[in-house]
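[1] pasting the structure only:
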Ligand code: SF4
């Protein structure tokens with residue numbers, strides 16, 4: 001089976017073909033550098049994404065605080081992460097890069113603030 005991917009590791013956006021045999025990556029072609037091969041293998045074997053969202057605030061002039069997962073979470077855990085994010089409430093002060101939730105949804109990734117919430 002062949003999967004066609006667009007490498008997102010740099011703006012060149014190489015078109016990569018991945019030959020998959022029995023769930024394993026048999027070959028990667030079309031990439032211009034080793035980063036493309038790494039990206040393709042990761043995307044086929046263990047796809048991950050950064051989840052960006054917002055959490056509700058309380059005792060604050062802002063209604064919501066933007067957050068993201070660090071590092072990326074497994075793609076099939078995104079719904080579980082979003083479910084946890086919906087339950088979270090934060091109050092000031094929060095600083096950019098503060099950890100809002102450790103090991104969110106058991107992914108091993110943390111949820112961190114991407115903005116300040118100072119009042
Ligand atoms: S394969 Fe290399 S050159 Fe091509 S898009 Fe990916 S990182 Fe960029």
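    Arrived safely, thanks for sending. Just so it is clear, the model here is predicted, and its values are computed rather than measured. Numbering: from 1, shown residues only.
[2] nearest to the ligand: which residue in this protein?
    The ligand sits closest to residue 36 of the chain, with a gap of 2.3 Å, by CB to the nearest ligand atom. From N, CA and C alone the C-beta is placed, and that goes for glycine too.
[3] those residues of the protein touching the ligand, which are they?
    Counting by CB under 6 Å from any ligand atom, the residues of the chain lying close to the ligand are 7, 9-10, 12-14, 31-33, 35-36.
[4] can we see that at 5 Å?
    Within reach of the ligand by CB under 5 Å from any ligand atom, the chain has these residues: 7, 9-10, 12, 14, 31-33, 35-36.
[5] could you flag which of those are buried?
    7, 9, 14, 31, 36 (16 or more other CB atoms under 10 Å).
[6] most centrally placed residue in the protein?
    residue 50 (1.4 Å; CA atoms, centre = their mean).
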